[in-house]
Structures are given as C-alpha cells and as structure tokens.
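Visitor: sequence-free structure coming up:
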Ligand SMILES: Nc1ncnc2c1ncn2[C@@H]1O[C@H](COP(=O)(O)OP(=O)(O)OP(=O)(O)O)[C@@H](O)[C@H]1O
Ligand SMILES: Nc1ncnc2c1ncn2[C@@H]1O[C@H](COP(=O)(O)OP(=O)(O)OP(=O)(O)O)[C@@H](O)[C@H]1O
Ligand SMILES: [Mg+2]
Ligand SMILES: [Mg+2]
C-alpha cells in the first residue's frame, strides 16, 4: 500500500484526491445521462451554484481561522429581503450599498463576539442564525418581498445578465474566488488567518492580533453573504423570508468537501470552489438521473463521505485509519 | 553488563521512511536486562522514530523486533504495553483535564464489578508511586494545574505502574530541574536492580556519563556503533554523532557594559511575582536561574505584553514604556522564545518557512503580497546557521523532530534582530552540537550590542552564557551575581529559599 | 484547593444562575403579560417542564459523552425519526399479530436496536476511515433522513395504540412517564461518566487523543461504543415520545441535533472535548425548555421568540465566560 | 374578556401564508372584545406543539385552535384537551379521523379539492390549446412530509387522469415551498426533458421559481398552474406568464378558525367541516379577485 501512494498515480491522488474524486463523479454521471455534459447544463449548474459558492468563499476564511459560521443562510435571507425592499424605496443605486452596510454590521457583531470576546463561534452563530431570522421576519412583517417593476430595473443584471455569453453570477463568483484566493494564499493577512486557525496561542506569541484577524474573517464572510444576497435578489427579483434557510450546512459541506479542516489551519479557496462544484453537480446529476429526492439524500451522503475519505486517505498514505 | 546474558530486547535492520525522509535506515541494537542503554544522535537523527517503532506507534518498513530473542510484532501501543514495553514520551502525552492518578494509570484504570473505577485502589496505588518520586502533588490534582516539570514527573510515574521488560525514556529531563533529576536517576537505578532494560535518550552528556552503561549512536537514520560508557569520552561520542570534532571550550568574555537597554522597576503581577527590579545592558547576557515555578517565565511573558503587571514599570533605553500586547513588544524590539514550543512557539500545521517568518510577515512584502524570495532567504540563512534538518522549507513544522522544532522557534525570533532578546529554556531538547551553536549565537548577538535574557533550568547553560545571573525563588529575586563571583554552591543556595520549601508549586 | 473547587463550581455554575433568572423573570413578567391566572411557577407547570424536556433532553445527555469525546453527532434527529418509524410500524407487522399488547416491548426493542445500529454505522465510519465525526454525521444526517423517506415516502407513519398512549401519559408518584425516563437516563449517564472506566476514558480520549492511543486505550472501539450509545438514546427518546403521540412525520426530529448541542454547550461542555458534565447538560436542557415555555407564557410572537432565543444563547455564553475569567494576571492569548 | 382562546400554529416563520395568517388572527382577536388570544408557534416541531397544547390546557384556556404539524401525532394531546373539557378546533389542515371524536370542528381549505381543481385548470387550458392528447407535464410538490403538500399532490394526481387521461405526468420532485429550490429543480427538468407543456406547483412561490427557470432558459409556452395564489403569482398572471392558481386567503382562513371557535364557545351549532371556498383563478377571471396581500 505504501508503495502505491508513492507511485505516480498515488502521488497524484495524494495531492489532489478531491479533484480525482470530482473527475470520477463527472464520468459516472455522464455515463448515466449523456445530457449531463451538455454545455447548457454545465453553465446552468455553475450559475445556480454561484450563490452557494460565493457564501462558501467567505466561510472558507472563517473555517481556516478555526471557527464556524452557521449564520450565513439566515443572513443571506436578510440581505435579500432588505435589498429588495430598499430597491423600491430608495432605488437600486442606494439600496445595494445600504444592504451591504447592514449585512456588514451583522458580520461585525459576530466578529466582535467571537474575535474580541472570544465566545464560542458555533453557539454565537447558531444564536445569530435564530436572531437574524427574527430580524428578517420583523423587517418584512413576514411577507414576501417583490420588486414592483420587474421589467424596468437594471437591478436584474447581477443575477440574470450576461457578458460575452457568460452569465454575470458566474463571472462574479469566479472573480471573487480569484480575488479572495489571492488574498488568502499570497498576502500577510492570509498567512495570519492560517496561523490563527492552526495555533491561536502561537499566533498571539508571534505578535498577531488574533481578535482582529477573526473579526476580519467574519467581515469577509458577511461581505460574501451580502454579495450572495444581491445575486439572489437580482436573480428572482422577489423572495421569501426563508430563501437562505438551511444553506449554512450546505455551505459548510462544500467547504469541508474541499478539504478544509474544521479544526482550522487548512483549506484553500481553490479547493472550496471544487467542493462547491461537486455539490452542485451531484445535485444536478442525481436530478437528471431521475432519482427520488430521498435516494438523492442517501447518495449524497455516500459521496460526501467517500470524497473526504479519499482525500484524507491520500494525505495519510493509507486507506484505513491507523487508530486501533 | 557485557554480552553473556541474552538481551531482553533487540532491534534488527529497522527501516522507516516518511514522505521525503528516510528517518531510519537499517538500525540494529540491543539492550541487556538491567542495563541503561543510551541512544544518542543529533536532532532529527531518528531516535524518537526508532522508539516509536519499538512502542508500536509506527510500523517499520523493514526489519524486526525481538523480545527475549523471540521475534514480535508491535501492532499498536496497547500491544507494545502488553509485551512489556513502557514508553515515556519526549512530548508530554497527558490528558490535562484528568487527575494525576487517572493519567498515570491511563488505559488501565483499576476496575471493580460492572466496569466501575476502583477509585480507592487507583489513588492508593498512585500515591505509592508518587511517594517514590518525592513529588509534592497528590493523585487527585488536575494535571493541567501542574507546572511542566511536574507534568513530566507524571509521565515518569507511568514507568512504575508495571513490571516492565524495558522502559524507554525519551528526553525525560528536558524540562526537569536538578532536584527532580536526582529522583529520576534513583528511579532508574531501582528499575535496573530489578533487571529491567532501560533505553535512555538525552542530549546531556553529564547525565549520559552519570547513569548509562552503554551508548548507541545514530546519525542521519543510520546506526554508527555502540560505545561502552566507562571506556569512552565526550569527544568520541560527539565525533560519532556529528562526524567531526566539536570545540567545547568555554567562551568567557570580559563584561563590557554598554548603556542600559532594559530596566525593570518594582514589577509585580498578582501573586505570580513581586518586586522585580533589574537592568540589562546593551551587549550583556543576563541569566535567570531558579526552581521550576519561581516565576521566571511569567516575568518574560509580562515583558512581552502577555500579562498585565499589577505594579512597577518597564523602561527601554531610559524611557518608560507600556507593553500591552506582543505587538507592542515586537514594535519596541523585544523578542521572546517561549518555553513551550508546541503550544506557544509553532503552528504545527504550517510549513517551516512560514513559521519562521510569521512575526515579520507584514514586512516581507512585495507590493501587497508576501515576498517568497525574502522569506526563503531568511529561512535558508537560519537553517544553515542553526543546522536545521528538514527536507525543505515546505515540510510541516509538526513533522520535524523535537530539537529541530525548537531551532525553528529560535530562528524565528533571532531573525527579528531584536534589541532585547528573551529566551526561555532555549536549548530544551537540542543536541550538543547545536546547543553550543546556539550559545555562540547568543554571545554573538550580545557582542553586537543586543541585550539578552536567558531563562534556563540548566545550571551549566546559565553559567556558560551569562555575564550576570539573577537568582529567583518563589516570585522574588533573591540574589544577583556577576560572572566572576558566581559559584554553583552560591547559586543553589540562592534559589532554594530560606526554609528550603518552595511554597508556590505545592498544588 | 478551595479556590480550585470554587473555580470548578463557577465553571458549571452559569447555567443554574441562568435558570434561576428565567424563573424569576417569567414569573414576574407573567404577572403583567400573561393571560393565564396561573402563576408560572405552578407545580403542575414545572412537572410539565420536565416532561416536555424529555425528547431533546435524553438526546442531549447522550450528546454530552460524544462531545466530551471530542466528536459530534449531527444525525441524531434522523436517527430519532427512523427509530420512531420502526417503533410504530413494527406494531402492525403481521408476524407479531398474535402478540396482542405484548407487541409493545417487542417494538420498543426493535426501535432501540435501530438506533444502536445507526449509531454503530456512524461510529464504524468514524473509526475505520478516520473522517471527522462532524462530516460523517453531517452526511448521515442526510442519508438517514433519506432512509426515513424511503420507508413510507412522504406519508407519516402512524399507529395509535391506546394501551401504549395510556402508559406514556400516565404518571407515577406524580411524575410523568417521560420524566422518569429522562431522570433515569440522567442518573445512568452521570454514573457512567463519573464512576466507570469507560466514562473516564471518554474524558481522556477527548482531552488528548494521541495520549489515549499511546496509553493503550482502544480509541476506535471506544468511539464506536459511544456512537452506539447515542444512537440508543436517540431511539429511546423516540420510544418515549412516540409511545405517546403515535405518529411520525418523515421530517420529525429536524434541528434536534442543534438543540441538543446547544443544551450541551450551554451546560459548559467544550466543543473541543475533554471536559463537561452531565449535570450541567441537564441544566442546559431545562434552561432551553424553560425559555420556550416562558416565552409562550408571556405571549411573545414568532419574531420575538427567534430574536430572544438567539440573543439569550449568546448572553449565557458571555456570562459563562465572565465567570471563568481568572483576573488580571491571566495570560492574554 | 370572556373567552381565552389559545392557538398553536404549525410553522409561522416558514412562509408568508402562515405569517399573514398569524397577523390576521391576532387582528381578528383584537377586534373582538370578547376574545383574548394566546398565540403560539410550534416551529414545525410536533413535540413542541404537543407541549404547547399541554401548556394551554394547564393555563385553563376556554378553547384551543390547532394547526397540526402532524395530523395523527397530536391526537393524544387533543384527547387530553377534550378530557379536560376544552373544545378543540382544527385549522387549515385536518387531523386524522381517529382524532375526530376529540375535536369540535375543522375549519380550513380543502386541499384535496384544491389539487383536483388545479388539475382541471391545467386540463381545460390544454384542451383549449388542443394539446390535451400529447401534453407532458412535471410536478413540483411542497415540503416532503407536510399534509398540505401530500393532499394537494394526491388531489392533482387523482383528478388529472379523469379529466385528461392522455396528459402524462413525467416526474415529480419536491420544491420544499421554496422558490429558489424549485428553480433548481426546474432547471434540471428543462435539461432532462425537451418537451414540457405544463408545470403544476404545490404553491405559487414554487410555481414562480419554476417560471423563472423557464424564462432564463428561454423556454416559452409552458403552462404554469399553482396553488395558494401569492402576490408574485398574481403579478405573473397579470404579465401573462403564469396561467392559473387556486385563490386561498390566509385572512379568510384565520377569521374562519376564530369564528368557529367563538361560535362553539357561544353554544351555536357548528358543522364539523367548515371549508371556506378556494376558487380557481386564471388569467381569464383574475379581474374578479383582489391581488393577494402576501
Ligand atoms: N510523521 C513524520 N512525518 C515526516 N517526517 C517525520 C515524521 N516524524 C519524524 N520525521 C522525520 O524523521 C526524522 C527523525 O526524527 P526523530 O523525531 O526520530 O528525531 P530525533 O532523533 O528524535 O531528534 P530530536 O533529538 O530532535 O528529538 C526527522 O528528519 C523528522 O523530520
Ligand atoms: N501550581 C500551579 N498551578 C497552576 N499553574 C501552574 C502551577 N505551577 C506552574 N503553573 C503554570 O505552568 C507554567 C509553567 O510554570 P513554571 O513553573 O515552569 O514557570 P517558571 O516560573 O517560569 O519556571 P520555569 O521557568 O522553571 O519553568 C506557567 O505558565 C505557570 O503559570
Ligand atoms: Mg526526539
Ligand atoms: Mg518557565
């Protein structure tokens, strides 16, 4: 077994286990339904993954710094509802920055609680999940939000527009991924995020302002959520209060599927993008194959575990865990 | 202890590779019953790896293990334990939230019916062991509340739980002070008379000559031979270990007092330490010596902005400063090599280079980005200077040997070119060659006008590098010596308090 | 030593202080806001409180050992639902037709067995693959839910057995049947965690897994047993609850994992493992149920309930931290 | 006040129908000086709902209105209320027959009928287009496990073959009452099936999600039929993109429930089933209906 992992193929697996897993799924689904690789379908999957993807980019920062963010789904509902409501009141040009500001305030609150007060992020964001949901309901009075003039607004460009044949949401997702990927991999700030997540005490001993770094990761996360809310609102020009509900676990699954460790200190933006695409293609592929939704649940379970297993098996160089 | 008896333990042709590293390359050696067998080698030579193979933690790629001349397979730590191998680890391997007794008997708590813990037996058995170790804590103490040295004693207590065939001590004294060392050596002597084979890993020559019978030497994962302790010399051993002669001559230098770089007046922090006043001049090395728990680490942490003083003031170059965080300290030119490399010094999941440049990553930039070239340059410089053994800068810090990890931490803070450098137990777990290199580095820094504080529990080290030594007892400075007036006796007297009992560490 | 004891008290004390605060607050606020003539602290109401805490409480007690172990189980809600289906459906299986009411214990056993098996699947995967428990159970949360739906599609599974309902609704010594189960589980778990070798090993494994491995604890099987235990308790919770209600929707038990985890963390158990206490988890469970009940008592609407629960969670955490601060001398990391 | 009435609702935060219902209920209760209402929400959790019923019994309310999370699981709790002499009214979606002896009345829409009406709307439209022999349709159903979702799907699936035996329902997937989710589901349908003539959605939110997917993919000419006419659906009908739905007002729903409870408390004779009418609404007759407020 040890031999295998140091051979050429094994080496590839070890470095890019998750990519290999991705390739295998794609081949499997294509065999099952030839339309799977249809360019329109692929474009469609990427486009509808873009919203989840944008949120996952932000959560990647949070997870690498050793925390969790379960509030993103509920926060996304908030952004969507707010921007839709403000669109008709103050116009899109003001609504968008206003919505971003409000969402960033929520992110700052979480960042303050987790970073500066050092409260446990799972519980803080779980609490915020609930509190923000309450806030959204209060804001909207429980009603759906819809833009009155759906045809006449340029607001739809973010969710529905195209540039050179590419849907704008995909472009925004990829541009943001590239930007944040570089921030994480190449800047001093990115380095600090890894250090804080890898060993917070050692980071403090190295003169890193840990609280500030954690605070910043939640700001980034909330900025991503606001972007996702914008895409969502612009895509459908109307929304329910529950639009993002439950997405927090999907987002987390994508980030982890990409190989980020919940203990912090590891993961990359590139891998998260792969994780997002895997989730998107699994859902789409299973729909195309025509499985009942509950069979999809079971298959998704198996695929998630296989993918992560393959990834860590490659990293440790053996299939089975060494734990006795 | 010669070869007429059958060896209790024998390793033959052990090979172990990690990705990119051939950690062991055909190592063979054997241990007689009742023998203390030293295993020596530079940092990263493969000592711990060899012992982990023996302890069932790693599986060897090739080679075999024999106990009482019968080949065995050590499938797991449990398996090794069942076959009579007790392993005292280099890195503390304790559950901090549990009591001392539970840690000593971890994995084999005495049971009553229905899987209940027999608390009475547990605590009694543990108390008996602790008594042999002459420690001042009880079986019920939470391990997390103990000092590192006492935690190390808890590890050592595990060796006495069983009738073992062989006991492995992997650098047990790295964080012990002399008093506890004496106890440990008594324990080892006792095991010896019971015919137990003992493998003893240490970088400290005086211990090797004091307690071992034979010495096997590893270099770069290969076996270099076995020496009989009584018939060899320090020079011969180091020759074997590093393949060249080492100049161990003492390096005493006249005190050249520059301006005062750091002055501390009446500093106190709760009941951790009180009334601390001292000066460190430019170009001077000041040693802090004291028993474990004397409060030296806490002073260093306060100077580095990690604790808030409750009284007193700190002055740098004659100006009073407030240091509220390590960020402030670093900005003011203070560096701290912390006591605990795994918890405080390193991000184990990060590579060696990134660890080394972490405190200055903001300055190593080209535009908005971290400059690869600048980082690698720093890493290469200190790797060469400190002789760090790693396949490359991409190796994760967690995969380095203990000594090499320590060197990364030292490199990290030396590369900051600090005005005031504080090093807390700087050579814990460092091999002889590198140790003298680090000592030279410290002297060298001082010669360039830096002020250096060395906190160490090793008397030879303190004596060797310091221009002045400050002795502490129970949170207070008891005495200050210049290099000229110091003797071992005076020092011991100064750190042991008046009535001979240390109050603080009694927990 | 006294100081250490005090510290320990405070560490787990926040939750009891919070419960006291809730009781006082809802009693006072209830005077002004509630329509009810009955006071909040009415004995019957408090007995109901315990009873209503049972479904999530039993699961939370099991979650405590999982979390002390340094793991987590997100699939308990789905396990709860699947065990409930087996419980109710098996009572109608033709093989058991001849048993009369004796089918009840048989169905109970089958349901409990289901829970144990589902827990074992999680435990085995965690053990054998080394994949983090969070991911494994995040997956099986989905997968087990899929199994739930496969059983009966989207239809609820129902079987009202009035003998069973009467038993479940009964009370003995003034204490409801579900409360007895909750108390029994709490005592048993407390005993397990403080008195048995397995319980102490659970702390060691969570505290320092490597040390536990080195010390020869068989960490894999140990974890497996704990997952089987929580599977069992999730099933027991289903048995207790569905004996009384007799019908299970395929999405029942959703979010139970989050509530259970919340109760455990409110009780002071650290997510990183190694420390925690059953008694405090019990406090956490009571605190949550009290909050829900109290908010209903004073007539808060849905928005407010969501807001308040969120804010309270954070507030308790904050309180807990304040109580645990060591003072100025603390190392600032 | 004379009557203290407690209500425990299914899951208020989950959609605007339920929120509007809650608001309307509170308004109606405020408007009636004889009534004071204790308004609770089970958050979709049956255990919480049962606890709330117990609490209401313990508080000695005069009547309990329940919007069941599960039509059977609440039966024993309802029995308790009835044993305590408190009349129980079921609202919006009914409980199972085994529970009928313990409740006084049901008030709400008839979801089975709604499903069949939707089938009729769809079928009539196909006939007028002349494609009722060849049409293929897909269904996007509500949240799995919810009675309303199940009953609407059942009504639709039972009725369709009776009126349009040649129309083929090729696939059903749940959209979880969620616009975004059903948009995704529809996207996959569009890739998978070249020919889709109609979409039946369990409510208009999901219907509009499907419509958005079709518009994005440039697939015209699909007939969308929903249920519970939401404002979005109404607007889409105005634009001529969405064919029809079932008009159901949460305000009517809430008022009917409260009135039934009050009538019972006042000793009036109340029929067991109190369905309020949920008529068909299509582009043709939408002028007769006011735009929904939710
Ligand atoms: N898990 C691992 N993965 C990769 N390399 C490893 C691993 N463990 C050890 N090594 C490498 O194996 C070599 C031997 O390490 P080992 O810990 O045995 O050294 P040592 O002789 O105990 O040194 P020290 O005196 O510093 O403790 C080192 O180069 C180290 O980097
Ligand atoms: N009895 C104790 N209870 C709780 N914590 C302790 C106790 N003794 C020491 N510690 C902690 O353990 C750490 C190391 O303590 P240690 O006694 O080694 O400090 P020190 O005075 O610097 O001595 P040395 O430098 O010799 O290690 C310190 O952070 C200290 O706060
Ligand atoms: Mg070593
Ligand atoms: Mg110290």
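Guide: Nice, I can see it. Values in this document were obtained by computation on a predicted structure and should not be read as measured data. Ligands and ions are numbered 1, 2, ... in the order given.
Visitor: Excluding chain neighbours, what is closest to the residue in the stretch 351-500 of chain B that ligand 2 sits nearest to?
Guide: When distances are taken as CB to the nearest ligand atom, the stretch 351-500 of chain B reaches nearest to ligand 2 at residue B:457, 4.9 Å away. Heads up, the C-betas are built off the backbone N, CA and C, glycines and all. Using CB to CB, 6 or more residues apart in numbering or on different chains and skipping residues adjacent in sequence, the residue nearest residue B:457 is residue B:177, 4.7 Å away.
Visitor: per-residue pLDDT, the residue of the stretch 351-500 of chain B closest to ligand 2?
Guide: Residue B:457 is assigned 81 on the pLDDT scale.
Visitor: On the three-state scheme, the residue of the stretch 51-200 of chain D found nearest chain C is what?
Guide: The stretch 51-200 of chain D approaches chain C most closely through residue D:72 (3.2 Å), counting by CB to the nearest CB. For residue D:72, the assignment made with DSSP: H, G, I helix; E, B strand; the rest coil gives coil.
Visitor: Show the backbone phi and psi for the residue in the stretch 51-200 of chain A that chain D sits nearest to.
Guide: Closest to chain D within the stretch 51-200 of chain A is residue A:142: 2.5 Å, counting by CB to the nearest CB. Phi and psi for residue A:142, reported as degrees, to the nearest 10, are phi 80, psi 0.
Visitor: Can you pull up the most central residue in the chain?
Guide: Assuming you mean chain A. residue A:56 (1.3 Å; CA atoms, centre = their mean).
Visitor: actually chain C
Guide: Centre-most residue of chain C, counting by CA atoms, centre = their mean: residue C:60, 2.0 Å.
Visitor: part of a helix, is that residue?
Guide: Yes - the assignment for residue C:60 (three-state DSSP) places it in a helix.
Visitor: For it, list the residues it contacts.
Guide: C:259, C:260, C:261, C:263, C:264, C:281, C:284, C:285 (CB atoms under 8 Å, 6 or more residues apart in numbering or on different chains).
Visitor: between those residues, which is closest to chain A?
Guide: Distances from chain A to the contacts of residue C:60, taken by CB to the nearest CB, are shortest for residue C:261, at 7.4 Å.
Visitor: For that closest one, report the pLDDT, please.
Guide: pLDDT at residue C:261 comes out at 89.
Visitor: ok, and the closest non-adjacent residue to it?
Guide: residue C:63 is the one closest to residue C:261 (CB to CB, 6+ apart), at 6.2 Å.
Visitor: SS state for that neighbour?
Guide: Per three-state DSSP, the secondary structure class of residue C:63 is helix.
Visitor: Ligand 1 versus the residue of the stretch 51-200 of chain D closest to chain C, what's the distance?
Guide: 57 Å (CB to the nearest ligand atom, to the nearest Å).
Visitor: The nearest residue to that residue once chain neighbours are set aside: neighbouring residues, count only.
Guide: Among residues not flanking residue D:72 along the chain, residue C:247 sits closest, at 3.2 Å (CB to CB, 6+ apart). Counted by other CB atoms under 10 Å in any protein chain shown, the residues lying close to residue C:247 total 25.
Visitor: Could you list everything residue C:247 pairs with in the sheet?
Guide: Beta-bridge partners for residue C:247, by DSSP bridges, are residue C:158.
Visitor: Are the host helix or strand of residue A:74 and chain C in contact anywhere?
Guide: Residue A:74 belongs to helix A:72-90 when assigned by DSSP states H and E. No - using CB under 8 Å from any CB of the partner chain, helix A:72-90 never reaches chain C; the gap is at least 9.2 Å.
Visitor: Quick check: mean pLDDT of that helix?
Guide: 94.
Visitor: Now the element after it, going C-ward?
Guide: Helix A:72-90 is succeeded, C-terminally, by helix A:92-111 (DSSP H and E).
Visitor: for the one helix or strand residue B:409 maps to, packing partners?
Guide: If you go by DSSP H and E, residue B:409 is part of helix B:402-414. The contact analysis (3 or more CB pairs under 8 Å, 6 or more residues apart in numbering or on different chains; DSSP states H and E) places helix B:402-414 against strand B:334-337, helix B:352-357, helix B:372-386, strand B:420-424, helix B:432-447.
Visitor: 6 Å - rerun?
Guide: strand B:334-337, helix B:352-357, helix B:372-386 (3 or more CB pairs under 6 Å, 6 or more residues apart in numbering or on different chains; DSSP states H and E).
Visitor: Tell me the predicted confidence for the closest residue to residue A:150 other than its chain neighbours.
Guide: Closest residue to residue A:150 apart from its sequence neighbours, by CB to CB, 6+ apart: residue A:237 at 4.8 Å. pLDDT for residue A:237: 85.
Visitor: For residue A:237, give its distance to ligand 3.
Guide: 64 Å (CB to the ion, to the nearest Å).
Visitor: quick one on the thing from earlier: what about the helices and strands packed on helix B:402-414, which gets the closest to chain C?
Guide: strand B:334-337 (12.4 Å).
Visitor: Can you give the distance from the closest one to the centre of its chain?
Guide: Here strand B:334-337 is found 18 Å from its chain centre; the criterion is CA atoms, centre = their mean, to the nearest Å.
Visitor: partners of that strand, with directions?
Guide: strand B:420-424 (parallel).
Visitor: Is it correct that residue A:22 falls within a helix?
Guide: Yes - assessed with three-state DSSP, residue A:22 lies in a helix.
Visitor: burial measure for it, as a count.
Guide: 19.
Visitor: What sits closest to it if chain neighbours are left out?
Guide: Nearest one to residue A:22, counting by CB to CB, 6+ apart, is residue A:278 at 5.4 Å.
Visitor: How about the secondary structure of that neighbour?
Guide: Applying three-state DSSP: residue A:278 is helix.
Visitor: Repeat that for residue B:276.
Guide: Per three-state DSSP, residue B:276 ends up strand.
Visitor: Residue 173: how many residues sit nearby?
Guide: All of this refers to chain A. 26.
Visitor: looking at chain D here, not the other one
Guide: 23.
Visitor: Same check on residue A:37?
Guide: Residue A:37, neighbours per other CB under 10 Å, totals 12.
Visitor: Alright, calling it a day.
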